[in-house]
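Chemist: Here's my sequence, what's the structure:
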Amino acid sequence: MSESETSRDVDAATLRALMGRPDYLRFWLSRVAATLGVQIQSVALGWQVYAVARETMNVAQSAFFVGMIGLAAFIPVFLLALPAGEATDRYDRKTILRLCYAAEITTALVLVAASVFGFASLTLLLVLSAAFGASRAFMGPAGTALGPMLVPRSLLPRAIALNSLAWQGASIIGPAIGGLLVALSPAASYAGAAGLYLFALACIAGIRGNTRPEVNSGSRWALMKEGLAYVWTNRIVFGAFSLDLVAVLLGGAYALLPVFARDVLHVGPEGFGLLRAGPAIGATLVAVVLARHPIRRKAGPVMFAGVAVFGLATIVFGLSTSLPLSVLALAVLGGADMLSVYVRQTLVQIVTPDALRGRVAAVSSLFFGASNELGEFESGVVARFLGPVGAAVSGGVGAVLATGLWARLFPDLRKADRLE
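Modeler: Numbering: from 1, shown residues only. As a prediction, this is how the structure comes out:
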């Protein structure tokens, strides 16, 4: 038997072993449902904010308020990230996720009521975005730290790929469904999201294994400082987190999709759903390949290549005036981002002890939240002065330049090799 055939047999065996673990399967299904709900809700929220703003404002001003959604969601993540990480390393992680899903259900139902009864003002929509961000501040660390507790270390890289596949697969279906539901009414989108959060809550409640971490001694503040110190002193972890922050912060054209759909490409809510699905299509294809054939060598160069392609694809998207080309550029962007995220998450999970996973995941959520939510805000601000096309192109150029700079600043990350 050849080496490649042996590798394929091992890959298939580990995949079957992973999916045969009931607690992990419940966790995975909850991740699919919750992500699907988030995507549907995000489509409706972005479209509704832009539509409400356009009633009294021009394109540039309305684009700024779409970016404000990201800022409103990031502020609670910034304020709560460290306490959330410490709580994840102290309390039952399943219980934290259950509370987070309950909060998401409540937020979605308030959005339903606001849409049905006509009091969905910009202020209310931004406040509810902040409430959703507060839930995500705890959900991110708890979900990231819970997954490795449900599988043995030998299956962890495969589990990370499948977790990403769940997220990206739901991100394909979610925007498409969200676009169709928004065409009916935003309330229908929010109601669908609430039902999916309820299903995710039921799946998490069904996990039977031990999900309470071993608590280190020390005060809460001492434990939070320990997590920060670990990230700061580990050059691979800090380099990976900060590269993701800078690249996505600069290349955050994703936030401007409502603007491109309505006033650049003129494709309406259905086209908006296709644009939203574009990055997830590419990411899912890459995640499927990674789940079947995980990266084992040259991890650092692969991650840097993914970030560089992400920036180039952002430039193409910004310059495109065709819906098919725009969707293709977004698919390439999503695939490249999936590649870099997979390497980053696998490296961090492998080198981080379980007792620190919640706090490290909280710092990761802080970087991730900053890169996405602040990226949305940055794109909205730049679009206010350069227009949506200028914001996308300049952001893509910045992401490419950041890739080269980080390769020089973090040689240990650039030289990282094995993901086993």
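Chemist: OK, contacts around residue 257?
Modeler: Counting by Cβ atoms under 8 Å, 6 or more residues apart in numbering, residue 257 makes contact with 46, 272, 275-276. The way it works is simple: take the backbone N, C-alpha and C, and place the C-beta from them, glycine included.
Chemist: could you measure it against residue 47, distance?
Modeler: 9 Å (Cβ to Cβ, to the nearest Å).
Chemist: Which residues are in contact with each of these two?
Modeler: residue 272.
Chemist: before we move on, the earlier item: tell me which of the contacts of residue 257 is nearest to residue 29?
Modeler: residue 276 (22.5 Å; Cβ to Cβ).
Chemist: Touching, the closest one and residue 179? I think so.
Modeler: Yes: taking contacts as Cβ atoms under 8 Å, residue 276 lies within contact range of residue 179: 6.9 Å.
Chemist: correct me, but residue 283 touches residue 337?
Modeler: Yes: between residue 283 and residue 337 a contact is recorded at 6.4 Å, counting by Cβ under 8 Å.
Chemist: quick one: least confident of the contacts of residue 257?
Modeler: On pLDDT alone, residue 276 ranks lowest of these, at 74.
Chemist: now that residue: how far from residue 54?
Modeler: Residue 276 is 19 Å from residue 54, by Cβ to Cβ.
Chemist: Which one's more surrounded, the two?
Modeler: Shown here are residue 276 and residue 54; by other Cβ atoms under 10 Å, residue 276 has more neighbours (28 against 17).
Chemist: The more buried one sits in which helix or strand?
Modeler: helix 268-292 (DSSP states H and E).
Chemist: Quick check: chain neighbours aside, which residue is closest to residue 99?
Modeler: residue 138 (7.4 Å; Cβ to Cβ, 6 or more residues apart in numbering).
Chemist: Sort out which residues of the helix or strand harbouring that neighbour are buried, please.
Modeler: Element membership for residue 138, per DSSP H and E: helix 122-149. Neighbour counts over helix 122-149 (16 or more other Cβ atoms under 10 Å) mark 122, 125-126, 128-149 as buried.
Chemist: and if you look at stretch 65-79?
Modeler: Quick answer for stretch 65-79 (16+ other Cβ under 10 Å): 65-77.
Chemist: next one: stretch 93-109
Modeler: Neighbour-count burial for stretch 93-109 [16+ other Cβ under 10 Å]: 93-94, 96-98, 100-101, 103-105, 107-108.
Chemist: One more: stretch 383-400?
Modeler: In stretch 383-400, counting by 16+ other Cβ under 10 Å, buried: 383-384, 387-389, 391-400.
Chemist: what sits up against that stretch?
Modeler: Outside stretch 383-400, the residues touching it (Cβ under 8 Å, 6+ apart) are 59-61, 63-64, 67, 246-248, 250-253, 256, 259-260, 263-264, 307-308, 310-319, 378-379, 382.
Chemist: helix or strand right after the lengthiest helix in the chain?
Modeler: In the chain, taking DSSP state H as the definition, the longest helix is helix 375-409. Toward the C-terminus, helix 375-409 is succeeded by helix 411-414 as the next helix or strand (DSSP H and E).
Chemist: tell me which strands and helices that next one is in contact with?
Modeler: Applying 3 or more Cβ pairs under 8 Å, 6 or more residues apart in numbering; DSSP states H and E, we find helix 411-414 packed against helix 235-250, helix 299-319.
Chemist: now whatever helix or strand comes next after the first one: mean pLDDT?
Modeler: In the C-terminal direction, the helix or strand that comes right after helix 235-250 (DSSP H and E) is helix 257-259. Here helix 257-259 scores 81 as its mean pLDDT.
Chemist: before we move on, what about stretch 278-285?
Modeler: The average pLDDT for stretch 278-285 rounds to 81.
Chemist: quick one on the thing from earlier: what's the closest of the buried residues of stretch 93-109 to residue 187?
Modeler: Out of these, the member with the shortest distance to residue 187 (by Cβ to Cβ) is residue 108, at 10.2 Å.
Chemist: Cheers, nothing more for now.
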